[in-house]
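Trainee: got a predicted structure here, sequence first:
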Amino acid sequence: DAGVIQSPRHEVTEMGQEVTLRCKPISGHNSLFWYRQTMMRGLELLIYFNNNVPIDDSGMPEDRFSAKMPNASFSTLKIQPSEPRDSAVYFCASSYGQGSGEQYFGPGTRLTVT
Amino acid sequence: SQKIEQNSEALNIQEGKTATLTCNYTNYSPAYLQWYRQDPGRGPVFLLLIRENEKEKRKERLKVTFDTTLKQSLFHITASQPADSATYLCALGSGGYQKVTFGTGTKLQVIP
């Protein structure tokens, strides 16, 4: 398996623009997680899905952020409009089953908003 | 509020020695604890899981302890090697849908 795939790997955009990050989880995994990592705040969970259904979006910072999972093999995280403070590395991770299963992380998308 | 603390200072250790990293938590009753390794420019990679009813887990040169009374986990790397240099993250979970909360990580540097 190719592992968790994220695109793009790098994104540079201007403040106010819409940004869409994409994730393809590992085939057969039923949970998907979106994280944001910064030096100041570390790795923060934004939202996670189980069987394509959003379970907990309490980590989404504000209404400018939205996430979807239309099917088991694809998810998007959208920021509209983007702001400089959104600059961070965004990771997608997937896992299988319930309970204490390990999470498999993608390579991340480094977002820079100028 | 829940708080997970890892030593924010980098840990420098001589090759061959045992590295010990700590993960302390407050206002939390985790059912399990995971340790991940993260290299620069990459996503975290899972290393070990330990449950609340387990005191110790081992995997090759790695050992994890979990003390729910002290609210602390220790992560040991024996016979450390320069290739072990990375940032190590602990993550606490309460069960259910595998949601975990990550600590801020400790950067380990093994000096040849």
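Mentor: Good, I have the coordinates.

Trainee: what's the local residue count around residue B:91?
Mentor: Around residue B:91 there are 24 other residues, counting by other Cβ atoms under 10 Å in any protein chain shown. Where you see a C-beta, it was placed from the backbone N, CA and C, and this is true even at glycine.

Trainee: look up the pLDDT of it for me, please.
Mentor: With respect to pLDDT, residue B:91 scores 95.

Trainee: if I look at it, how far off is chain A?
Mentor: In this view, residue B:91 and chain A are 8 Å apart by Cβ to the nearest Cβ, to the nearest Å.

Trainee: so that residue makes contact with residue B:32?
Mentor: No. Counting by Cβ atoms under 8 Å, residue B:32 is not a contact partner of residue B:91; they are 9.1 Å apart.

Trainee: what packs against the helix or strand harbouring residue A:43?
Mentor: Applying DSSP states H and E as the criterion places residue A:43 in strand A:42-50. On a contact count with 3 or more Cβ pairs under 8 Å, 6 or more residues apart in numbering or on different chains; DSSP states H and E, strand A:42-50 meets strand A:31-38, strand A:53-56, strand A:65-71, strand A:74-79, strand B:100-102.

Trainee: go with 10 Å
Mentor: In terms of contacts (3 or more Cβ pairs under 10 Å, 6 or more residues apart in numbering or on different chains; DSSP states H and E), strand A:42-50 is packed against strand A:31-38, strand A:53-56, strand A:65-71, strand A:74-79, strand A:88-95, strand B:86-93, strand B:100-102.
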